[in-house]
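> no sequence on hand, only this structure:
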């Protein structure tokens with residue numbers, strides 16, 4: 001039983017170490033900015049600017065998606081008209097005397 005708990009503790013410790021390493025990697029550039037003298041307010045402004053840029057990109061993406069939906073709809077309509085015209089022409093060709 002002790003071996004099972006020991007194994008679980010070792011696995012949990014390994015996962016915790018990996019998570020801390022990943023967090024350090026993620027925060028590393030920001031921590032070095034703080035150490036280099038950037039103030040918390042400057043970092044907050046940077047985060048705010050990134051959030052605004054993200055919002056702008058999301059808006060542009062939604063506009064592009066809307067445009068794609070409109071183009072797909074127009075494409076479907078044109079395809080339907082072409083199919084209808086082709087059917088009509090085939091009927092006219094088979095109905096007309098040769």
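Received the coordinates, thanks. Predicted, not measured: the structure shown is a model, and the values here were computed from it. Residues are numbered from 1 along each chain as shown.
> make it CA atoms for all contacts and neighbour counts henceforth
Will do.
> next one: whichever strand or helix holds residue 56 to chain centre, how far?
Here residue 56 sits within helix 40-95, counting by DSSP states H and E. Centroid separation for helix 40-95 versus its chain: 16 Å, with Cα atoms, centre = their mean, to the nearest Å.
> avg pLDDT for that helix?
For helix 40-95, mean pLDDT is 91.
> cool, and stretch 23-37?
For stretch 23-37, the mean confidence score works out to 70.
> helices or strands up against the helix holding residue 56?
If you count contacts as 3 or more Cα pairs under 8 Å, 6 or more residues apart in numbering; DSSP states H and E, helix 40-95 packs onto no helix or strand.
> again, 10 Å this time
For helix 40-95, the elements it packs on are helix 2-35, judged by 3 or more Cα pairs under 10 Å, 6 or more residues apart in numbering; DSSP states H and E.
> distance of residue 67 from residue 45?
33 Å (Cα to Cα, to the nearest Å).
> I meant to write residue 94 there.
Counting by Cα to Cα - residue 94 and residue 45 are separated by 73 Å.
> same question for residue 39.
10 Å.
> what does residue 64 give?
28 Å.
> so which of residue 94 and residue 45 has more stuff around it?
Using other Cα atoms under 10 Å, the more surrounded residue of residue 94 and residue 45 is residue 45, with 12 against 9.
> name all residues that make contact with the more buried one.
Residue 45 makes contacts with 39, 51, as judged by Cα atoms under 10 Å, 6 or more residues apart in numbering.
> try 8 Å this time
By Cα atoms under 8 Å, 6 or more residues apart in numbering, no residues touch residue 45.
> do residue 93 as well
Contacts of residue 93 (Cα under 8 Å, 6+ apart): none.
> recalculate using a threshold of 10 Å.
Applying Cα under 10 Å, 6+ apart, the residues contacting residue 93 are residue 87.
> same deal with residue 67?
61, 73 are the contacts of residue 67 under Cα under 10 Å, 6+ apart.
> ok, it to residue 93 distance?
Taken as Cα to Cα, the span from residue 67 to residue 93 is 39 Å.
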